[in-house]
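1. Sequence and predicted structure below; questions after.
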Amino acid sequence: MKKVLLFGVLNFICWFLLFQFSRIVFLTFTNGFHEITSSEILNSFRFGIRLDLSMSAYITFLLTFTSVFAAAFSVKTSKLIFKTLYFLIAIITAIAIGADARLYNYWGAKLDMKAMQYLAFPREAAASLQVKDLLLFALIFILFFGSTWLLWRFVLKKTALPKTDFTSGITALLICGILIIPIRGGLDVSTLNLSSAYHSRNQYANHVSVNTVWNAVFSILNRSKTRINTDGISFPEAMMILKKHASKQNLFPFDLPDSTNVVVIVLESYSARLISQLNGRDDVAPRMQEYIKQGWLFDNFYSNGDRSHQGLTALFTGFPGNAETEILKHPDKLLRLPNLMQDFTDAGYHTSMTYGGNLEFANIQSIFSVANRCSIYDKSYFSKFDDLKKGKWGVHDEHTFDHLLKICTQQPEPFLNGIFSLSNHEPFDIPEINKTFDDPLNKLFKAAWYTDSCIGAFLDAFSKTERWKHTLVVITADHAIPQPGDLPIYHPDKFHIPLILLGGAIKQPQVFHQFASHVDIPATLSKWVLKERENKWMFSRSLFDTPRDESYFFYNLGSGIICRDGCVVYDYIADKDLYRKAEGNDLKLMDELEVRNQNFTKAISVYFKEL
């Protein structure tokens, strides 16, 4: 039993140290081609630790679990199995690290599934390589593989398992169970992903952080077989389709003063069906309903997707949710998109994002971490305070809105501060409140009411300050959910969410009826607040532009288009429209909407592949 335990611990530590060595190797053979500061190098080691721990745990898990399997064989065979598996892993790892260190300077990207696809064309892949590249690859391979051999020869071999008895087998299984924790990245609801290593706008610094082997394995396990057929649409044709949807005007009701502050409030899972002015219930969101009377309401605003990462990505980068591929799973592509936080930072604004949970969930943190000097306050920040009320997902909204109020009233101006609420999410484990609903959805409505009360308290306090007079407050949701109404996944009402503009910048209450979605917010803010004239938001237009009066929304392998005269939702698994509706049951209009919807979705897929 002790030998099993010692093997697991030593193996884990040795591989972790090897991955630190591999990072040094990567820096040594690539640093001459890229700029990186000493502090960024230190942060690269710091932020890469979790991926290193995860990959070390993966390898240790494989080797330890093998001990259970090897028990069925003789001592000699057991040793052979162990040694073969160990050195197979060592060879694959050495090849990956060597290839990554040499090819990075050509591709500017870490070794992943896309890069490995080039190996199907070895001649073309090797065409740009020089003899020195092959020699350096061989050197790196020898260095790393030699290190693994030395560790085996002088450390691990002495504890390798010759024969596993019942007690040792149970110990090995327990070790495997414990290793799941570092493999997942902890005990949190969310699992480990690439964004945990991203910490800088300098992509090279981020790539130094990323564990090469973990990244390669992750990309293989998450490869998706495309189900959206884009045959027949070339990249130039896709660009023509997409440019039709880009803003060609800069229409705004009035000019905002220079250096107007901005607060963006994103509500978790908040449907239009919870707000009376949007034909919803009148008893769930009384505070927002009160403030709507003082601001601007967009009553045909739709979420871009049905997941948080889709809504937040669209809201802060202008890139629409995709029916098939998640942009946040591809940080390299994300960095090629415009970023609202970065725009405001570059304009001299202080920027921040607050969330009571773990922003690494679904790689969401990467939206904000790649923006230079954007302060991030999430679970890791709030964990320092023991007296805060917490739920399964993290710190509750009353505390995060208190924090938002603090930074909005104390930090230097101008600022763009964002907040993503948390409490209105299953399992709706909110703090005790003196409010109940005589309804089967009592827990949902109570959570929504609680979040609404937190928003109300924030707005009450902030509106009494001098800064309120020159601040624009944007309130929307990341997405909605099927309840209330038990709507099917594709129903357009499931994507209907609020958009409210408040603050001293808004003088007269008004309701706007044009159709819009998350993607239209970044163009609106950058052009209206920052007075930008560059039209870099390909998918985004001003909320006040009128030529394109339609919205698109997406769910997994499905997309929809909605406008004043109709709505069509197409499902790519079912290969048919799941929802068709038009004024006067106009079949021609529904067919036209179907074509526009599919063309737009396919064009995004083509654009994404080339991004």
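-> Received the coordinates, thanks.

2. Quick check: residue 6 is in a helix.
-> Yes: judged by DSSP: H, G, I helix; E, B strand; the rest coil, residue 6 forms part of a helix.

3. how about low-confidence regions in the stretch 101-250 of the chain?
-> Of all residues in the stretch 101-250 of the chain, those with pLDDT under 70 make up the ranges 106-108, 113-130, 158-166, 168, 189-190, 201, 222-227, 246-250.

4. mind listing the strands in the stretch 401-550 of the chain by residue range?
-> Shown for the stretch 401-550 of the chain, the strands assigned by DSSP state E, counting those that start in this stretch span residues 415-420, 471-477, 499-502, 510-512, 516-517, 550-555.

5. Let me fix that, I meant to ask about the chain.
-> All strands of the chain, identified by DSSP state E, fall at 261-267, 296-298, 301-302, 350-355, 374-377, 415-420, 471-477, 499-502, 510-512, 516-517, 550-555, 558-563, 566-571, 576-582.

6. now the ones you listed in TSV, with mean pLDDT?
-> What follows is the strands of the chain, written out as TSV (pLDDT from 0 to 100):
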stretch	mean pLDDT
strand 261-267	98
strand 296-298	97
strand 301-302	97
strand 350-355	97
strand 374-377	94
strand 415-420	98
strand 471-477	98
strand 499-502	98
strand 510-512	95
strand 516-517	94
strand 550-555	92
strand 558-563	94
strand 566-571	93
strand 576-582	89
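
7. Can you add distance to residue 441 and give those strands back as a markdown table?
-> Placement of C-beta: from N, CA and C, glycine included. Shown next, in a markdown table, are those (distance: least, Cβ to Cβ, whole Å):
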| stretch | distance to residue 441 |
| --- | --- |
| strand 261-267 | 17 |
| strand 296-298 | 24 |
| strand 301-302 | 22 |
| strand 350-355 | 25 |
| strand 374-377 | 31 |
| strand 415-420 | 23 |
| strand 471-477 | 17 |
| strand 499-502 | 23 |
| strand 510-512 | 27 |
| strand 516-517 | 26 |
| strand 550-555 | 22 |
| strand 558-563 | 25 |
| strand 566-571 | 24 |
| strand 576-582 | 24 |
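
8. Which one, of those strands, ends up nearest to residue 234?
-> Residue 234 lies closest to strand 558-563 among these, at 20.2 Å (Cβ to Cβ).

9. other SSEs contacting that closest one?
-> In terms of contacts (3 or more Cβ pairs under 8 Å, 6 or more residues apart in numbering; DSSP states H and E), strand 558-563 is packed against strand 550-555, strand 566-571, helix 587-610.

10. Please work out which of these is packed deepest.
-> Across the helices and strands packed on strand 558-563, averaging neighbours per residue (mean count of other Cβ atoms under 10 Å) puts strand 550-555 on top, at a mean of 24.

11. circling back to that earlier point, name the stretch among the strands of the stretch 401-550 of the chain that sits most buried.
-> Using mean count of other Cβ under 10 Å, strand 516-517 ranks as the most buried of these, with a mean of 26.

12. Can you give the strand pairings for that strand, parallel or anti for each?
-> Under the criterion DSSP bridges, strand 516-517 sits next to strand 301-302 (parallel) in its sheet.

13. Can you get me the centre-to-centre distance for stretch 194-208 and its chain?
-> Averaging C-alpha positions (Cα atoms, centre = their mean, to the nearest Å) puts stretch 194-208 14 Å from its chain's average.

14. quick one: contacts of stretch 370-389?
-> With contact meaning Cβ atoms under 8 Å, 6 or more residues apart in numbering, stretch 370-389 is reached by 188, 198, 200-201, 206, 331, 334-335, 339, 341-342, 345, 350-359, 365, 368-369, 394-396, 398-400, 403, 431.

15. Just the buried residues of the residues you listed.
-> Burial by neighbour count, 16 or more other Cβ atoms under 10 Å: within the contacts of stretch 370-389 this picks out 188, 198, 200-201, 206, 331, 334-335, 339, 341-342, 345, 350-359, 365, 368-369, 394-396, 398-400, 403.

16. so of those, which ones are in helices?
-> Per DSSP state H, helices hold the following members of the buried ones among the contacts of stretch 370-389: 206, 331, 334, 341-342, 345, 365, 368-369, 398-400, 403.

17. Which member of these is positioned nearest residue 228?
-> residue 334 (20.2 Å).

18. Would you mind measuring from that closest one to residue 37?
-> Plainly put, residue 334 is 22 Å away from residue 37 if you go by Cβ to Cβ, to the nearest Å.

19. same question, residue 521
-> 33 Å.

20. now swap in residue 525 and tell me
-> Separation of residue 525 from residue 37 (Cβ to Cβ) stands at 31 Å.

21. now swap in residue 518 and tell me
-> Taken as Cβ to Cβ, the span from residue 518 to residue 37 is 35 Å.

22. quick one, which of these two is more surrounded?
-> The neighbour count for residue 518 versus residue 37, taken as other Cβ atoms under 10 Å, is higher for residue 518 (34 against 11).

23. Number of residues surrounding the spatially closest residue to that one that is not a sequence neighbour?
-> Leaving aside its chain neighbours, residue 518 sits nearest to residue 314 (3.6 Å; criterion: Cβ to Cβ, 6 or more residues apart in numbering). When neighbours are counted by other Cβ under 10 Å, residue 314 registers 27.

24. ok, now which ones touch residue 314?
-> Residue 314 neighbours (Cβ under 8 Å, 6+ apart): 304, 305, 320, 321, 517, 518, 519.

25. Out of those, flag the one nearest to residue 484.
-> residue 305 (20.0 Å).

26. Pretty sure the closest one sits against residue 325.
-> No: applying Cβ atoms under 8 Å as the test, residue 305 and residue 325 come out as separate, 11.9 Å apart.

27. Now do the same contact list for the closest residue to residue 324 other than its chain neighbours.
-> Spatial nearest neighbour of residue 324, chain neighbours left out: residue 228 (5.2 Å); criterion: Cβ to Cβ, 6+ apart. Residue 228 makes contacts with 323, 324, 557, 572, 601, 602, 605, as judged by Cβ under 8 Å, 6+ apart.

28. Please repeat the previous calculation with a cut-off of 6 Å.
-> 324, 572, 605 (Cβ atoms under 6 Å, 6 or more residues apart in numbering).

29. Next, count neighbours for residue 438.
-> Around residue 438 there are 6 residues (other Cβ under 10 Å).

30. ok, now residue 147?
-> As a burial measure, residue 147 scores 18 neighbours (other Cβ under 10 Å).

31. Tell me how far it lies from residue 562.
-> When distance is defined by Cβ to Cβ, residue 147 is 58 Å away from residue 562.

32. ditto for residue 197
-> As for residue 197, its distance to residue 562 is 38 Å (criterion: Cβ to Cβ).

33. Mind pulling up the pLDDT for the residue nearest to residue 234 when sequence neighbours are not counted?
-> Of all residues not flanking residue 234 in the chain, residue 606 sits nearest, at 7.6 Å (Cβ to Cβ, 6+ apart). At residue 606, the model reports a pLDDT of 91.

34. same thing with residue 32?
-> Residue 32 carries a pLDDT value of 58.
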